[in-house]
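**Q** Sequence and predicted model, in that order:
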Amino acid sequence: MTKTILGLSGSLRRASFNAGLLRAAAELAPTGAKIDIGSIRDVPLYDGDLEKADGLPPAVLVLQEQLQAADGVLLVTPEYNNGIPGVFKNVIDWMSRGPGLQMWVGKPVAIIGASPGGFGTIMAQNHWLPVLRTLRASVWTEGRLMVSQAGKMFDEQGNLTDTANRDKLADFISGFAKVI
């Protein structure tokens, strides 16, 4: 039976390092696992009035369906100003609305990220922990992957080209797939 991982990149930029890292993760998924890449692009800013008037937006309903069907979640997070990107946090906030909150409970979640800086995405990854704890997700902490100096590791289209990081990513995804 194939294990399904919902992969979400927290960047809207088309050639983003994190979108590229997620594509590479999907390419490198081990036999018996697949990564379905979800899109955060059409999720509006959270507005309780909008939710009350219209219910959950279509893009959020799609993400909730993907979350429900997934055996695990891979968050591929950029780091902005030493923290979680607002656009990515917004998506998770929307996904936890209505029936979505229960979908997170016990769901295995892994976090990775790429950054042009020298420390990878260590601060953003750490900032996700209280959010995921609140959602009662099961955060996988047996592996950690932070791609630093991303400008040297990806090509102009945002594809991960660095062999050492591709190998680390393959090991990371394999380890995560084994626990879900």
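**A** Cool, the structure landed. Numbering: from 1, shown residues only.
**Q** Counting neighbours, what do you get for the closest residue in space to residue 155 that isn't next to it in sequence?
**A** Distances taken as CB to CB, 6 or more residues apart in numbering place residue 161 nearest to residue 155, at 5.2 Å, with adjacent residues excluded. (C-beta placed from N, C-alpha, C; glycine too.) Other residues lying near residue 161 total 13 when counted by other CB atoms under 10 Å.
**Q** Just confirm residue 161 contacts residue 152, I think it does.
**A** No: here residue 161 does not reach residue 152: they are 9.3 Å apart, not a contact under CB atoms under 8 Å.
**Q** can you list the weak-confidence ranges in the protein?
**A** By pLDDT under 70, the chain contains no weakly predicted segment.
**Q** which one's the longest helix in it?
**A** Scanning the chain for the helix with the most residues, using DSSP state H, yields helix 163-179.
**Q** how about that helix: buried residues?
**A** 165, 166, 168, 169, 170, 172, 173, 174, 176, 177 (16 or more other CB atoms under 10 Å).
**Q** what's the closest of the residues you listed to residue 98?
**A** Each of the buried residues of helix 163-179 was scored against residue 98 by CB to CB, and residue 176 proved nearest at 27.3 Å.
**Q** Surely the closest one touches residue 108?
**A** Yes: using CB under 8 Å, residue 176 is in contact with residue 108, at 7.3 Å.
**Q** need the strands for this structure, in chain order.
**A** According to DSSP state E, the chain carries its strands in the segments 3-9, 33-37, 72-76, 108-114, 138-139, 145-147.
**Q** now the ones you listed as a markdown table including mean neighbour count?
**A** Below are the strands of the chain laid out as a markdown table (neighbours: other CB atoms under 10 Å):
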| stretch | mean neighbour count |
| --- | --- |
| strand 3-9 | 23 |
| strand 33-37 | 18 |
| strand 72-76 | 27 |
| strand 108-114 | 26 |
| strand 138-139 | 18 |
| strand 145-147 | 24 |
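**Q** Fine, thanks again, bye for now.
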